[in-house]
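Student: give me the fold of what follows.
(one chain, ligands or ions: 1)
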Amino acid sequence: MTQVFNKDILQGKVAFVTGGGTGITGGVARAFAEHGAKLAIVSRKEENLAAMKAEVEAFGGECFTVAADVREYEAVEAAIAKTAEHYGKIDIVVNGAAGNFLCAADQLSPNGFGTVVDIDTKGTFNVCRAAFDELKKSKGQILNISATLHYLATPMQIHVSAAKAGVDAITRNLSVEWGRHGIRVNGIAPGPIEDTEGMKRLLMPELKDKLVRKIPVGRFGRIVDIENAALFLASDAASYVNGVTLVVDGGSWLLGTSLM
Ligand code: HXC
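Tutor: Below you'll find the model as predicted:
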(Lines give C-alpha, C1' and ligand atoms only; values in the text may rest on other atoms or scores of the structure.)
Protein backbone atom coordinates (compact mmCIF):
# COMPACT_ATOMS: atom_id res chain seq x y z
CA MET A 1 0.00 0.00 0.00
CA THR A 2 1.14 3.56 -0.70
CA GLN A 3 2.57 5.34 2.33
CA VAL A 4 -0.40 7.41 3.52
CA PHE A 5 1.23 9.44 6.30
CA ASN A 6 4.56 11.20 6.58
CA LYS A 7 7.16 8.94 8.18
CA ASP A 8 7.80 11.42 10.99
CA ILE A 9 4.27 12.14 12.25
CA LEU A 10 4.99 10.48 15.60
CA GLN A 11 8.66 11.46 15.80
CA GLY A 12 9.83 11.78 19.42
CA LYS A 13 6.63 10.31 20.89
CA VAL A 14 6.71 7.40 23.33
CA ALA A 15 3.89 4.87 22.89
CA PHE A 16 2.97 2.35 25.61
CA VAL A 17 0.98 -0.46 23.97
CA THR A 18 -0.72 -3.37 25.75
CA GLY A 19 -1.33 -6.47 23.65
CA GLY A 20 1.23 -4.91 21.34
CA GLY A 21 2.96 -8.15 20.50
CA THR A 22 0.43 -9.61 18.09
CA GLY A 23 -2.67 -9.10 15.96
CA ILE A 24 -4.33 -5.77 15.31
CA THR A 25 -2.61 -4.02 18.18
CA GLY A 26 0.73 -5.50 17.15
CA GLY A 27 0.19 -3.88 13.74
CA VAL A 28 -0.66 -0.56 15.37
CA ALA A 29 2.49 -0.75 17.52
CA ARG A 30 4.71 -1.52 14.53
CA ALA A 31 3.08 1.26 12.47
CA PHE A 32 3.68 3.76 15.30
CA ALA A 33 7.36 2.75 15.37
CA GLU A 34 7.57 3.06 11.58
CA HIS A 35 6.29 6.62 11.96
CA GLY A 36 8.88 7.67 14.53
CA ALA A 37 7.48 6.59 17.90
CA LYS A 38 9.56 4.81 20.52
CA LEU A 39 7.64 1.76 21.70
CA ALA A 40 7.02 0.09 25.02
CA ILE A 41 5.00 -3.07 24.55
CA VAL A 42 3.30 -5.11 27.24
CA SER A 43 2.09 -8.67 26.98
CA ARG A 44 1.69 -11.66 29.23
CA LYS A 45 3.76 -13.75 26.81
CA GLU A 46 7.53 -13.20 26.62
CA GLU A 47 7.70 -14.85 23.16
CA ASN A 48 5.28 -12.31 21.68
CA LEU A 49 7.34 -9.47 23.12
CA ALA A 50 10.62 -10.84 21.77
CA ALA A 51 9.22 -11.29 18.25
CA MET A 52 7.88 -7.73 18.05
CA LYS A 53 11.09 -6.28 19.52
CA ALA A 54 13.13 -8.06 16.84
CA GLU A 55 10.77 -6.87 14.08
CA VAL A 56 10.91 -3.24 15.21
CA GLU A 57 14.66 -3.21 15.78
CA ALA A 58 15.19 -4.72 12.32
CA PHE A 59 13.99 -1.47 10.74
CA GLY A 60 15.87 0.72 13.22
CA GLY A 61 13.03 1.38 15.68
CA GLU A 62 13.19 1.29 19.47
CA CYS A 63 11.17 -1.26 21.41
CA PHE A 64 11.21 -1.69 25.19
CA THR A 65 9.35 -4.74 26.48
CA VAL A 66 7.62 -5.48 29.77
CA ALA A 67 5.88 -8.75 30.64
CA ALA A 68 2.75 -8.00 32.66
CA ASP A 69 -0.89 -8.97 32.99
CA VAL A 70 -3.19 -5.95 32.65
CA ARG A 71 -5.54 -7.52 35.22
CA GLU A 72 -2.94 -6.93 37.94
CA TYR A 73 -2.82 -3.26 38.89
CA GLU A 74 0.55 -3.43 40.64
CA ALA A 75 2.15 -5.07 37.60
CA VAL A 76 0.64 -2.38 35.36
CA GLU A 77 1.92 0.39 37.64
CA ALA A 78 5.38 -1.16 37.54
CA ALA A 79 5.28 -1.42 33.72
CA ILE A 80 4.35 2.27 33.44
CA ALA A 81 7.10 3.25 35.90
CA LYS A 82 9.74 1.18 34.06
CA THR A 83 8.72 2.73 30.73
CA ALA A 84 8.80 6.29 32.11
CA GLU A 85 12.21 5.58 33.59
CA HIS A 86 13.50 4.08 30.35
CA TYR A 87 12.26 6.78 27.95
CA GLY A 88 11.69 9.71 30.35
CA LYS A 89 8.02 10.09 29.43
CA ILE A 90 4.89 8.48 27.94
CA ASP A 91 2.85 10.30 25.26
CA ILE A 92 0.49 7.66 23.90
CA VAL A 93 -1.22 4.72 25.60
CA VAL A 94 -2.86 2.05 23.46
CA ASN A 95 -5.11 -0.45 25.24
CA GLY A 96 -5.16 -3.50 23.01
CA ALA A 97 -4.87 -6.42 25.41
CA ALA A 98 -8.05 -8.48 25.04
CA GLY A 99 -9.46 -11.92 25.69
CA ASN A 100 -11.80 -13.74 23.34
CA PHE A 101 -13.38 -17.09 22.63
CA LEU A 102 -16.71 -18.17 21.23
CA CYS A 103 -19.18 -19.47 23.80
CA ALA A 104 -22.97 -19.51 24.04
CA ALA A 105 -24.32 -17.60 27.05
CA ASP A 106 -25.98 -20.71 28.49
CA GLN A 107 -22.65 -22.55 28.42
CA LEU A 108 -20.45 -19.72 29.68
CA SER A 109 -19.27 -19.90 33.27
CA PRO A 110 -19.34 -16.78 35.46
CA ASN A 111 -15.57 -16.99 35.61
CA GLY A 112 -15.35 -17.16 31.81
CA PHE A 113 -17.49 -14.01 31.57
CA GLY A 114 -15.50 -12.31 34.30
CA THR A 115 -12.13 -13.24 32.83
CA VAL A 116 -12.82 -11.38 29.58
CA VAL A 117 -14.30 -8.38 31.41
CA ASP A 118 -11.24 -8.35 33.67
CA ILE A 119 -8.80 -8.36 30.75
CA ASP A 120 -10.65 -5.94 28.43
CA THR A 121 -12.50 -3.54 30.70
CA LYS A 122 -10.70 -3.60 34.02
CA GLY A 123 -7.38 -3.97 32.21
CA THR A 124 -8.11 -0.83 30.18
CA PHE A 125 -9.04 1.08 33.33
CA ASN A 126 -5.94 -0.18 35.15
CA VAL A 127 -3.62 1.02 32.40
CA CYS A 128 -5.35 4.40 32.00
CA ARG A 129 -5.33 4.96 35.76
CA ALA A 130 -1.69 3.99 36.16
CA ALA A 131 -0.64 6.16 33.20
CA PHE A 132 -2.58 9.26 34.27
CA ASP A 133 0.30 11.17 35.90
CA GLU A 134 2.60 10.58 32.95
CA LEU A 135 -0.08 11.52 30.41
CA LYS A 136 -0.93 14.66 32.36
CA LYS A 137 2.73 15.70 32.21
CA SER A 138 3.04 15.00 28.47
CA LYS A 139 -0.48 16.16 27.55
CA GLY A 140 -0.73 12.78 25.96
CA GLN A 141 -3.50 10.57 24.76
CA ILE A 142 -5.18 7.20 25.05
CA LEU A 143 -6.42 4.93 22.27
CA ASN A 144 -8.70 2.06 23.29
CA ILE A 145 -9.16 -0.84 20.89
CA SER A 146 -12.85 -1.77 21.00
CA ALA A 147 -15.25 -3.68 18.72
CA THR A 148 -18.69 -3.30 17.13
CA LEU A 149 -20.09 -6.52 18.64
CA HIS A 150 -22.27 -4.70 21.16
CA TYR A 151 -23.88 -2.17 18.79
CA LEU A 152 -26.49 -4.78 17.90
CA ALA A 153 -26.15 -8.26 19.44
CA THR A 154 -23.56 -10.90 18.62
CA PRO A 155 -24.37 -14.49 19.60
CA MET A 156 -21.56 -16.43 21.32
CA GLN A 157 -19.95 -13.14 22.31
CA ILE A 158 -21.92 -11.92 25.34
CA HIS A 159 -18.74 -11.67 27.42
CA VAL A 160 -16.76 -9.71 24.81
CA SER A 161 -19.77 -7.52 23.95
CA ALA A 162 -20.23 -6.56 27.61
CA ALA A 163 -16.50 -6.01 28.02
CA LYS A 164 -16.18 -3.76 24.97
CA ALA A 165 -19.31 -1.77 25.91
CA GLY A 166 -17.45 -1.05 29.14
CA VAL A 167 -14.36 -0.01 27.19
CA ASP A 168 -16.44 2.47 25.17
CA ALA A 169 -17.85 3.90 28.41
CA ILE A 170 -14.30 4.35 29.70
CA THR A 171 -13.36 6.18 26.47
CA ARG A 172 -16.25 8.61 26.83
CA ASN A 173 -15.88 9.21 30.56
CA LEU A 174 -12.14 9.76 30.51
CA SER A 175 -12.34 12.04 27.47
CA VAL A 176 -14.54 14.32 29.55
CA GLU A 177 -12.72 14.01 32.88
CA TRP A 178 -9.18 14.12 31.49
CA GLY A 179 -9.69 16.41 28.50
CA ARG A 180 -9.21 19.34 30.86
CA HIS A 181 -5.71 17.99 31.60
CA GLY A 182 -4.88 18.04 27.90
CA ILE A 183 -5.32 14.27 27.53
CA ARG A 184 -7.33 13.09 24.53
CA VAL A 185 -9.09 9.73 24.84
CA ASN A 186 -10.39 7.94 21.76
CA GLY A 187 -11.12 4.44 20.56
CA ILE A 188 -11.16 2.38 17.40
CA ALA A 189 -13.80 -0.27 16.71
CA PRO A 190 -12.50 -2.65 14.05
CA GLY A 191 -15.00 -4.70 12.08
CA PRO A 192 -14.14 -8.04 10.48
CA ILE A 193 -10.38 -7.96 9.85
CA GLU A 194 -9.07 -10.76 7.68
CA ASP A 195 -5.41 -11.17 8.58
CA THR A 196 -5.85 -11.77 12.32
CA GLU A 197 -5.41 -14.82 14.49
CA GLY A 198 -8.85 -14.14 15.98
CA MET A 199 -10.56 -14.29 12.58
CA LYS A 200 -8.82 -17.56 11.77
CA ARG A 201 -9.81 -18.99 15.13
CA LEU A 202 -13.31 -17.58 15.41
CA LEU A 203 -14.58 -17.98 11.89
CA MET A 204 -14.93 -21.22 9.98
CA PRO A 205 -13.75 -20.92 6.34
CA GLU A 206 -17.17 -21.78 4.92
CA LEU A 207 -18.69 -18.85 6.79
CA LYS A 208 -16.16 -16.37 5.40
CA ASP A 209 -17.74 -16.15 1.93
CA LYS A 210 -21.15 -15.67 3.49
CA LEU A 211 -19.81 -12.90 5.72
CA VAL A 212 -17.89 -11.01 3.06
CA ARG A 213 -21.06 -10.66 0.99
CA LYS A 214 -22.59 -8.78 3.91
CA ILE A 215 -19.80 -6.20 4.11
CA PRO A 216 -20.94 -3.03 2.30
CA VAL A 217 -17.53 -2.26 0.78
CA GLY A 218 -17.26 -5.85 -0.44
CA ARG A 219 -14.09 -6.92 1.33
CA PHE A 220 -12.72 -7.82 4.73
CA GLY A 221 -10.67 -5.22 6.54
CA ARG A 222 -6.92 -5.58 6.84
CA ILE A 223 -4.75 -4.79 9.83
CA VAL A 224 -3.31 -1.87 7.85
CA ASP A 225 -6.79 -0.28 7.80
CA ILE A 226 -6.69 -0.15 11.59
CA GLU A 227 -3.08 1.03 11.60
CA ASN A 228 -4.03 4.01 9.41
CA ALA A 229 -6.98 4.94 11.65
CA ALA A 230 -4.71 4.72 14.71
CA LEU A 231 -2.02 6.86 13.08
CA PHE A 232 -4.61 9.52 12.31
CA LEU A 233 -6.04 9.54 15.85
CA ALA A 234 -2.56 9.56 17.43
CA SER A 235 -1.31 12.39 15.21
CA ASP A 236 -1.76 16.12 15.60
CA ALA A 237 -4.25 15.95 12.70
CA ALA A 238 -6.73 14.69 15.32
CA SER A 239 -5.88 17.23 18.03
CA TYR A 240 -9.57 18.26 18.32
CA VAL A 241 -10.88 14.68 18.24
CA ASN A 242 -11.76 13.52 21.76
CA GLY A 243 -14.21 10.95 23.12
CA VAL A 244 -14.76 9.24 19.79
CA THR A 245 -14.69 5.55 18.99
CA LEU A 246 -13.93 5.47 15.29
CA VAL A 247 -15.62 2.55 13.56
CA VAL A 248 -13.39 0.99 10.90
CA ASP A 249 -15.57 -1.76 9.45
CA GLY A 250 -16.49 -0.90 5.87
CA GLY A 251 -20.01 -0.09 7.11
CA SER A 252 -20.60 -3.65 8.32
CA TRP A 253 -22.36 -3.09 11.61
CA LEU A 254 -25.06 -0.96 9.98
CA LEU A 255 -26.24 -4.02 8.08
CA GLY A 256 -25.50 -6.45 10.91
CA THR A 257 -22.99 -9.11 9.99
CA SER A 258 -24.25 -11.74 12.41
CA LEU A 259 -24.40 -15.08 10.65
CA MET A 260 -27.22 -16.44 12.76
C1 HXC B 1 -15.67 -21.36 27.28
C2 HXC B 1 -13.74 -20.65 28.32
C3 HXC B 1 -13.00 -20.78 27.10
C4 HXC B 1 -13.71 -21.27 25.95
C5 HXC B 1 -11.65 -20.07 28.64
N6 HXC B 1 -12.85 -20.20 29.23
N7 HXC B 1 -11.71 -20.41 27.35
N8 HXC B 1 -15.05 -20.93 28.40
N9 HXC B 1 -15.04 -21.54 26.09
N10 HXC B 1 -13.12 -21.45 24.78
C11 HXC B 1 -13.17 -19.98 30.63
C12 HXC B 1 -12.48 -21.02 31.47
O13 HXC B 1 -13.21 -22.23 31.49
C14 HXC B 1 -12.43 -20.37 32.84
O15 HXC B 1 -13.65 -20.44 33.53
C16 HXC B 1 -12.23 -18.92 32.48
O17 HXC B 1 -12.65 -18.74 31.11
C18 HXC B 1 -10.79 -18.50 32.60
O19 HXC B 1 -10.00 -19.33 31.77
P20 HXC B 1 -8.43 -19.46 31.95
O21 HXC B 1 -7.91 -20.26 30.84
O22 HXC B 1 -8.10 -19.86 33.34
O23 HXC B 1 -8.02 -17.92 31.88
P24 HXC B 1 -6.79 -17.17 31.27
O25 HXC B 1 -5.66 -18.10 31.00
O26 HXC B 1 -6.50 -16.06 32.18
O27 HXC B 1 -7.35 -16.55 29.91
C28 HXC B 1 -8.28 -17.19 29.14
C29 HXC B 1 -8.64 -16.48 27.83
C30 HXC B 1 -7.37 -16.05 27.16
C31 HXC B 1 -9.53 -15.28 28.10
C32 HXC B 1 -9.39 -17.47 26.99
O33 HXC B 1 -6.45 -17.08 27.10
C34 HXC B 1 -7.62 -15.52 25.76
O35 HXC B 1 -8.49 -14.76 25.49
N36 HXC B 1 -6.83 -15.87 24.82
C37 HXC B 1 -7.04 -15.36 23.46
C38 HXC B 1 -6.52 -13.96 23.33
C39 HXC B 1 -7.00 -13.32 22.04
O40 HXC B 1 -7.27 -13.97 21.04
N41 HXC B 1 -7.10 -12.00 22.04
C42 HXC B 1 -7.56 -11.29 20.87
C43 HXC B 1 -8.95 -10.86 21.16
S44 HXC B 1 -9.70 -10.27 19.71
P45 HXC B 1 -13.94 -21.60 34.64
O46 HXC B 1 -15.34 -21.33 35.10
O47 HXC B 1 -13.80 -22.90 33.96
O48 HXC B 1 -12.92 -21.37 35.74
C49 HXC B 1 -10.95 -9.29 20.22
C50 HXC B 1 -11.73 -8.68 19.10
C51 HXC B 1 -13.20 -8.74 19.37
O52 HXC B 1 -11.17 -9.07 21.32
C53 HXC B 1 -13.97 -8.78 18.08
C54 HXC B 1 -14.02 -10.14 17.45
C55 HXC B 1 -14.96 -10.25 16.29
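Student: correct me, but Gly250 touches Pro216?
Tutor: Yes - at 5.7 Å, Gly250 counts as touching Pro216 under the criterion of Cβ atoms under 8 Å. For every residue, glycine as well, the C-beta is placed using N, CA and C.
Student: looking at the two, which is more packed in?
Tutor: Gly250 (21 against 14; other Cβ atoms under 10 Å).
Student: what sits closest to that one if chain neighbours are left out?
Tutor: Val217 (3.7 Å; Cβ to Cβ, 6 or more residues apart in numbering).
Student: what packs against the host helix or strand of Ala81?
Tutor: Assessed by DSSP states H and E, Ala81 sits inside helix 73-87. Helices and strands touching helix 73-87, by 3 or more Cβ pairs under 8 Å, 6 or more residues apart in numbering; DSSP states H and E, are strand 14-18, strand 38-43, strand 63-67, helix 123-138.
Student: go again using 6 Å as the cut-off
Tutor: Where contact means 3 or more Cβ pairs under 6 Å, 6 or more residues apart in numbering; DSSP states H and E, helix 73-87 is packed against strand 38-43, strand 63-67, helix 123-138.
Student: in the second one, which residues are buried?
Tutor: Right, strand 63-67. Going by neighbour count (16 or more other Cβ atoms under 10 Å), the buried part of strand 63-67 is 63-66.
Student: following element in sequence after the least confident helix or strand in the chain by mean pLDDT, please.
Tutor: The weakest-scoring helix or strand in the chain, judged by mean pLDDT, DSSP states H and E, is helix 197-202 (a mean of 73). Where DSSP H and E defines the elements, the next helix or strand beyond helix 197-202 is helix 205-212.
Student: and that following helix, is it in reach of the ligand?
Tutor: No - contact of helix 205-212 with the ligand is not found when judged by Cβ under 6 Å from any ligand atom; the minimum separation is 10.6 Å.
Student: quick one: name whatever helix or strand follows that helix.
Tutor: helix 223-234.
Student: perfect, I'm done here.
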